[in-house]
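Novice: pasting the sequence and the predicted coordinates here, then a few questions.
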Amino acid sequence: MDWLLDHPDVKTIRVAAADLVRMARGKRIPARFSHKILSEGTKFPYSVLNMDIWGEDVEDSPLVFQPGDPDGLPLPTERGFMPMPWLDAPTGLLPLWMFHTDGTPYDGDPRQALARVVERYKAAGLTPVVATELEFFLIDDSWRASCACPSPRSGKRRTGAETLSLRALDAFDRFFTSLYDACEAMDIPADTAISEAVPGQFEINMMHQDDPLKAADDAWLFKMLVKGLARQYGFAGSFMAKPYEEWNGSGMHMHFSVLDRDGNNIFDNGGEEGSDMLRHAVAGCLAAMPGSTLVFAPHENSYDRLVPNAHAPTGIGWAYENRTSAIRIPSSGPKARRIEHRVAGGDANPYLSVAAVLGAALIGIEDKMQAPEPIKGNAYDQGLAQPPATWGAAIDAFATCPHIARIFPAHLIENFVMTKRQELHYMAELSDDETVELYSGHRPRKRPRCRDARGRFVTEPCRRPLAGARRRHRHP
């Protein structure tokens, strides 16, 4: 409540939790009633955290009709209130995460999944230190086919590479100034910004911190902020993995090290090669990579990014100071020895992605797994083992991977698999125009489908839509 008392101009608040596909699901509430949320939480159906990318129920979900679509208990996270600088009216945002009504964590919440991994580190006397690097595009989506934004200063569209271009950054200086001001107000530790190789593509790095939950919060909130703030400047902010066929895509790289009880970096052996613990963690990340690909590449478009010679990894390997490898050990002083995991796209759910990386590394440490020799040279030419190359294969690998079963609760695995199989099915039904519409930032309408006599959805679309099918109005 202190934040609201310090901001008397805030008349409404939003309360929101991240669902499995990283969308914010929540409510708008008058600020004068916020004390009830802080003391008692609110009510969401569990199924709200298990919607598909269109915001639709997952068919045959065990969370919806069979149990009567019951409510869970979303409670405020330790983050507390923060502003929403992309809205016109002063507004507060209160992040939530899901619990059962008896106060126990809900296994289908991606933030709770990350908290479980962090607790396993704590039980071992270890603390992960995490930072993310977020790449995104500023896009002119006013056309049928999205394209790079014209420079706000010159009005011209750049058509060539803009790697580390100060000119490209300066062209959007007003936007980035507002973005950094907003990050400071929201306690998001945004550090260096650069212009990337693609026109309209940028990257902002987050500072390292010893709280993985806050690091994932920051990435989730940063995505909301970029998208919302970009609209104030007349363009779209996009974390889509591969908006343009002819250009590289966007990633969400993650750097991490691990501290022991005395605050020492367990990856540091005083030399450039790092410790045995570092190699164990690398081995765990490599072993879990096929099963966790769905987390790092959650959409059909994600796999367009993971192609050779596009600055995105395609082979399961690691190396020192080598950006063609999936796992990179950056050059640094020994005390800063760390691992960079480069597989996740900009479209990944930060909570699931951080949990998958840290969980895999912990498996490697616990099992004292042995990493292969680091590669040298171009990883694309090494003949390395490959992660799943298609969305469908990644779904199957996630569902059956024993490492995934050690990282995530069975309930979350089941829900995520059902969600992604539904999305895969619907994407196959979309026409080319509808697919373009989806990837241009719009929400395509699904083709209506009928129920059979037993109430199940049939595969073939009917000639006339069934009124009310798949649409429900909740009044929680």
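Specialist: Received the coordinates, thanks.
Novice: going along the chain, name the strands of the stretch 101-250 of the chain.
Specialist: Assigned by DSSP state E, counting those that start in this stretch, the strands in the stretch 101-250 of the chain fall at 127-140, 147-148, 190-195, 201-206, 236-238.
Novice: list the buried residues in the third one.
Specialist: This means strand 190-195. 190, 194-195 (16 or more other C-beta atoms under 10 Å). For every residue, glycine as well, the C-beta is placed using N, CA and C.
Novice: got the angle between it and strand 201-206?
Specialist: 160 degrees (axes from the mean of the first three to the mean of the last three C-alpha atoms, to 10 degrees).
Novice: and Gln370, how many neighbours?
Specialist: 11 (other C-beta atoms under 10 Å).
Novice: quick check on the closest residue to it other than its chain neighbours: phi, psi?
Specialist: Closest residue to Gln370 apart from its sequence neighbours, by C-beta to C-beta, 6 or more residues apart in numbering: Ala283 at 5.7 Å. Here is the backbone geometry of Ala283 (degrees, to the nearest 10): phi -60, psi -40.
Novice: wait, Ala283 touches Ile365, no?
Specialist: No: look at Ala283 against Ile365 with C-beta atoms under 8 Å: they stay out of range, at 9.2 Å.
Novice: average pLDDT for stretch 296-306, rounded please.
Specialist: Averaged across stretch 296-306, the pLDDT comes to 96.
Novice: which residues touch that stretch?
Specialist: Here stretch 296-306 makes contact (C-beta atoms under 8 Å, 6 or more residues apart in numbering) with 21, 53, 240-242, 245, 248-251, 312-314, 343-345, 347-349, 353, 356, 387, 389-391, 394, 420, 423-424, 427, 439.
Novice: select only the buried ones of those residues in ChimeraX?
Specialist: In ChimeraX, a selection of the buried entries from the contacts of stretch 296-306 looks like this (16+ other C-beta under 10 Å):
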select :21,53,240,241,242,248,249,250,251,312,313,314,343,344,345,347,348,349,353,356,387,391,394,420,423,424,427,439
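Novice: so of the contacts of stretch 296-306, which ones are in helices?
Specialist: Judged by DSSP state H, these include 353, 356, 391, 394, 420, 423-424, 427, 439 as members of helices.
Novice: can you tell me which of those has the lowest confidence score?
Specialist: By pLDDT, Tyr439 ranks lowest within the ones in helices among the contacts of stretch 296-306, coming in at 47.
Novice: buried residues, stretch 145-162. List them.
Specialist: Across stretch 145-162, burial judged by 16+ other C-beta under 10 Å covers 146-149, 151, 158, 161-162.
Novice: if you could redo that for stretch 91-111, that was the one I meant.
Specialist: Neighbour-count burial for stretch 91-111, counted by 16+ other C-beta under 10 Å, picks out 91-99, 105-111.
Novice: Val130: which of those is nearest?
Specialist: Closest approach between the buried residues of stretch 91-111 and Val130, by C-beta to C-beta: Arg111, at 14.1 Å.
Novice: follow-up on the earlier one: what's the farthest-apart pair in the buried residues of stretch 145-162?
Specialist: For those, the farthest-apart pair by C-beta to C-beta is Ser146 and Ala161; their separation is 18.8 Å.
Novice: still on that earlier bit, out of the buried residues of stretch 145-162, flag the one nearest to His411.
Specialist: Out of these, the member with the shortest distance to His411 (by C-beta to C-beta) is Ser146, at 36.9 Å.
Novice: okay, which residue is most central for this protein?
Specialist: Asn349 (2.2 Å; C-alpha atoms, centre = their mean).
Novice: touching, that one and Pro110? I think so.
Specialist: Yes: using C-beta under 8 Å, Asn349 is in contact with Pro110, at 5.7 Å.
Novice: okay, and the common contacts of the two?
Specialist: 18, 20, 22.
Novice: the first one touches Tyr351, doesn't it?
Specialist: Right, the one you point to is Ala18. Yes: using C-beta under 8 Å, Ala18 is in contact with Tyr351, at 6.1 Å.
Novice: any residues in contact with both of the two?
Specialist: With C-beta under 8 Å, 6+ apart, Ala18 and Tyr351 have common neighbours 110-111, 220.
Novice: in helices, which of the residues you listed fall?
Specialist: 110-111, 220.
Novice: any chance you could map the helices in the stretch 51-200 of the chain?
Specialist: Per DSSP state H, counting those that start in this stretch, the stretch 51-200 of the chain carries helices over the ranges 110-123, 166-171, 173-185.
Novice: where does the stretch 351-476 of the chain have low pLDDT?
Specialist: Applying pLDDT under 70 to the stretch 351-476 of the chain flags the ranges 429-476.
Novice: likewise the stretch 101-250 of the chain?
Specialist: Residues of the stretch 101-250 of the chain meeting the criterion pLDDT under 70: 144.
Novice: any chance of the helices of the stretch 51-200 of the chain in JSON lines, plus distance to Trp3?
Specialist: Listed next are the helices of the stretch 51-200 of the chain as JSON lines, based on distance: least, C-beta to C-beta, whole Å:
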{"stretch": "helix 110-123", "distance to Trp3": "20"}
{"stretch": "helix 166-171", "distance to Trp3": "32"}
{"stretch": "helix 173-185", "distance to Trp3": "11"}
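Novice: can you give me the neighbour number for Pro70?
Specialist: Pro70 has 13 neighbouring residues, counting by other C-beta under 10 Å.
Novice: tell me how far it lies from His100.
Specialist: Separation of Pro70 from His100 (C-beta to C-beta, to the nearest Å) stands at 10 Å.
Novice: then Asp71?
Specialist: From Asp71 across to His100, the span is 10 Å (C-beta to C-beta).
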